[in-house]
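**Q** got a sequence here, can you model it:
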Amino acid sequence: MHILNSRYNVVSLTTCLLIGFLCSLHANAAAPKDLPWRELNRVFPEIGISRQDSNPGFLRVNGEKFVFDNGNEARFWGVNLQAYALFGTSRENVRKHARRMAAMGINLVRFHHHDSPWVVPNLIDYDDIGRAYIREESIEKLDWWIHCLAAEGIYIWLDLHSGRVFNKEEKIAAFSETRHGGRLGSPKGYLYVNASMQDKMLEFAKLYLTHRNSYSGLEYRNDPAIAMILVNNENDLTRHFGANMHEREAPLHNKNMLILLRQWKIESDYVGKEEYTFTKGAKQKLQWNFLEASYYQRMQSELRKIGVRVPVSGASSWGKMGPDSLPSLASGDFIDVHIYGEPQEIEIGPKIDAGMVHWVGAAQVAGKPLTVSEWNTKVPKQDGRDSLPIWLAAVGVRQGWDAMLQYGYSQRPLNGPGSLHDDQWSQYNDYQLLAMMPASSYIFRNKLLPRPDADAILSANIETLLSGKLSVGENIAIRDAIEKHRFSVDMSYGSIFPWLSPDARNTPGKERSDFEITVQPPVKSRPGAQKASSSEFENEFFRDVENRQFIARSSRILAVSGDFSKKPIFRDIGGYRVRLQGGKGSFSMICISGRLASCTKGFLTAVASDNKFSISLDYPSHQRVLDVRTGKEFRSSFGDGVTKNSTWSSRTVRLKPDPLSPWLSISTSNTRPN
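**A** Numbers count the residues shown, from 1 in each chain. Presented below is the predicted three-dimensional model:
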């Protein structure tokens with residue numbers, strides 16, 4: 001079988017069944033305290049190809065998708081690489097980890113905390129009079145990361161701001177008011193009304209993006225390996241930091257904010273729109289959206305002037321921001337989201353509460369790509385986190401999301417043996433989470449699940465949109481629509497926000513309902529849509545909240561996750577039978593060529609589990625189970641026996657968790673024995 005991936009050349013797949021297995025390393029499990037990180041065998045399709053072998057061009061936006069210059073659609077499954085991992089990892093280990101990431105299906109890495117003051121040294125240094133410049137030794141480290149990642153077919157996401165704070169010597173206006181988190185110089189909120197801060201941010205952005213990589217010889221702005229740019233990390237007025245503008249706490253910033261708002265009213269002919277009647281809260285959100293978008297648009301314009309071609313987003317939806325924050329975010333080329341949830345996300349049904357997928361889905365603006373540059377569980381090292389990658393990948397494919405990045409791979413130097421840290425920021429060695437990453441990437445990047453049979457579009461009058469009433473945390477109807485359909489939010493408010501699409505429904509004097517969710521006709525008649533099958537289990541996508549399980553199945557894949565202690569799951573797939581029972585875990589099975597029911601070249605499978613979970617697989621007896629790490633034949637500690645199948649003999653293998661041998665293979669033959 002050959003798969004054409006938008007980033008890479010045609011890739012041939014091996015004809016073998018591959019199994020990844022893992023245990024949660026409970027305190028009573030016989031597992032070492034420290035695991036030697038190692039280069040993973042390329043047990044999944046080799047999807048990392050040197051960029052010299054293909055030339056798709058720069059990434060750009062085409063409607064609601066990312067595409068390359070050659071027209072191929074781009075989809076990304078990635079991780080964050082932060083702080084000391086960027087600057088403290090040895091050259092050889094950078095190369096090895098780039099290879100390891102590609103082996104796990106990662107094709108996008110976001111650099112983060114490159115400028116945060118607690119990272120010493122970081123990318124920014126200051127001369128004797130307080131002028132900021134880029135530290136040569138530090139950016140050379142990023143050059144090498146980019147070089148090694150690109151050689152493995154992995155793209156890079158750059159943030160222009162992560163955690164930088166300003167020094168007094170930088171001559172920031174009203175510096176004494178810029179206090180946040182116990183220190184001065186914070187841009188949180190203040191940035192949007194402080195021109196001197198904006199100038200400093202732009203100055204750094206130009207230095208950063210015009211830097212010439214010492215290995216590729218390309219400036220960052222001219223390097224197609226740089227896929228996308230985020231201007232501002234977790235900084236907004238509409239939900240988190242608007243209170244910083246209070247007249248009592250920041251009188252100079254408050255005064256400047258009022259000046260900017262008066263200027264906006266004149267330039268946007270706001271006086272002519274006074275037919276709208278806003279509550280105080282909605283009017284404030286209206287004004288804050290304008291201030292945010294003004295900065296994003298300024299930065300985007302300046303970046304285009306220096307030759308940046310790739311998509312740029314102003315900031316992210318994070319910390320339970322709702323649709324009232326979307327007008328400013330929609331001024332960018334794409335919408336980005338940060339989301340942290342519970343390990344047992346599949347147990348949070350729409351009638352119970354808002355889960356991760358609901359918060360992400362509610363940020364999807366109609367007609368724009370959507371990325372999730374940070375996702376993770378709030379609490380590390382809890383059972384059930386193995387379900388997150390496969391659950392988010394499955395929902396992301398159906399919803400049409402375009403990039404998913406786990407946070408984070410590491411913010412510690414990646415040298416020496418890796419420890420199983422109780423640290424959600426450095427999970428490169430958390431096998432319970434990472435075991436499902438290759439399968440999740442494969443499902444997500446190749447869109448192996450069909451989209452829902454209908455689209456749901458949320459539209460509202462401008463007062464309702466800005467009132468906060470449409471928060472997915474409070475609105476069951478929105479959560480239910482995200483659960484059942486492909487969901488997006490209509491942002492056609494051009495008569496209010498000039499950067500958005502015009503729509504006559506939003507002009508003054510026009511009646512528009514408080515809010516409505518319009519379900520459009522089925523999409524299966526549209527070009528490219530997958531048709532449903534009449535087979536009973538050919539197309540499944542549901543979650544059983546009561547039994548804490550979810551199943552996704554199409555003609556090419558089976559993905560199952562949850563708690564199987566009370567309700568085991570059995571599935572027959574051609575000559576194979578899968579049995580999941582006894583505990584919590586996740587399992588995926590992907591046909592290399594053709595359909596699951598008639599797969600002749602074998603499967604790609606992955607399993608992640610707690611210590612009680614039992615996975616049994618019946619398979620044709622002429623196939624051999626091998627330990628990929630050692631190359632020797634695998635013998636289950638539970639024993640494996642021969643059973644009779646109605647067509648041919650089969651064997652059953654049951655797997656015992658072993659963190660040192662997470663990968664097994666079952667070789668296959670193109671013909672079955674008589």
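
**Q** show the residue spans covered by the helices in the chain.
**A** 84-88, 91-103, 136-151, 195-209, 251-267, 280-305, 326-329, 356-361, 387-399, 431-434, 437-445, 462-467, 476-484 (DSSP state H).

**Q** redo the ones you listed as JSON lines? Include mean pLDDT and distance to residue 542.
**A** Where you see a C-beta, it was placed from the backbone N, CA and C, and this is true even at glycine. Below are the helices of the chain laid out as JSON lines (pLDDT from 0 to 100; distance: least, C-beta to C-beta, whole Å):
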{"stretch": "helix 84-88", "mean pLDDT": "97", "distance to residue 542": "39"}
{"stretch": "helix 91-103", "mean pLDDT": "91", "distance to residue 542": "32"}
{"stretch": "helix 136-151", "mean pLDDT": "97", "distance to residue 542": "37"}
{"stretch": "helix 195-209", "mean pLDDT": "97", "distance to residue 542": "46"}
{"stretch": "helix 251-267", "mean pLDDT": "83", "distance to residue 542": "47"}
{"stretch": "helix 280-305", "mean pLDDT": "94", "distance to residue 542": "37"}
{"stretch": "helix 326-329", "mean pLDDT": "98", "distance to residue 542": "29"}
{"stretch": "helix 356-361", "mean pLDDT": "97", "distance to residue 542": "14"}
{"stretch": "helix 387-399", "mean pLDDT": "94", "distance to residue 542": "11"}
{"stretch": "helix 431-434", "mean pLDDT": "77", "distance to residue 542": "24"}
{"stretch": "helix 437-445", "mean pLDDT": "88", "distance to residue 542": "17"}
{"stretch": "helix 462-467", "mean pLDDT": "92", "distance to residue 542": "31"}
{"stretch": "helix 476-484", "mean pLDDT": "95", "distance to residue 542": "10"}
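
**Q** for residue 548, find the nearest of the ones you listed.
**A** For residue 548, the closest of the helices of the chain is helix 387-399, at 9.3 Å, according to C-beta to C-beta.

**Q** tabulate the CA atom coordinates of the closest one in CSV.
**A** What follows is helix 387-399 as a C-alpha-only set of coordinates in CSV (Å, rounded to 0.1, in the frame of the first residue of the first chain):
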residue,chain,number,x,y,z
SER,A,387,-7.2,7.5,26.1
LEU,A,388,-6.4,11.2,25.4
PRO,A,389,-4.4,10.9,22.2
ILE,A,390,-6.7,8.4,20.5
TRP,A,391,-9.9,10.3,21.7
LEU,A,392,-8.6,13.7,20.5
ALA,A,393,-7.4,12.3,17.2
ALA,A,394,-10.7,10.6,16.5
VAL,A,395,-12.8,13.6,17.4
GLY,A,396,-10.3,15.9,15.6
VAL,A,397,-10.7,14.1,12.4
ARG,A,398,-14.4,14.1,12.5
GLN,A,399,-14.5,17.8,13.4
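
**Q** next, the contact list for the residue nearest in space to the middle of the chain, please.
**A** Per C-alpha atoms, centre = their mean, the C-alpha nearest to the average position across the chain is that of residue 404, at 1.8 Å. Applying C-beta atoms under 8 Å, 6 or more residues apart in numbering, we find residue 404 in contact with 76, 77, 78, 371, 372, 375, 392, 393, 396, 444.

**Q** which segments of this protein make up each domain?
**A** Domain ranges of the chain: 66-243+293-445, 455-519, per automatic domain parsing.

**Q** rewinding a little: how about the helices of the chain, which one is nearest residue 319?
**A** Of all the helices of the chain, helix 356-361 sits nearest to residue 319, with 9.7 Å by C-beta to C-beta.

**Q** just give me how far the closest one sits from the chain centre.
**A** Mean-position distance between helix 356-361 and its chain equals 12 Å (C-alpha atoms, centre = their mean, to the nearest Å).

**Q** can I get that helix in PDB, CA atoms only?
**A** The C-alpha coordinates for helix 356-361 follow below in PDB (Å, rounded to 0.1, in the frame of the first residue of the first chain):
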ATOM      1  CA  MET A 356     -11.900  19.100  26.200                       C
ATOM      2  CA  VAL A 357     -13.500  18.400  22.900                       C
ATOM      3  CA  HIS A 358     -16.400  20.800  23.700                       C
ATOM      4  CA  TRP A 359     -14.100  23.700  24.500                       C
ATOM      5  CA  VAL A 360     -12.000  23.100  21.400                       C
ATOM      6  CA  GLY A 361     -15.100  22.600  19.200                       C
END
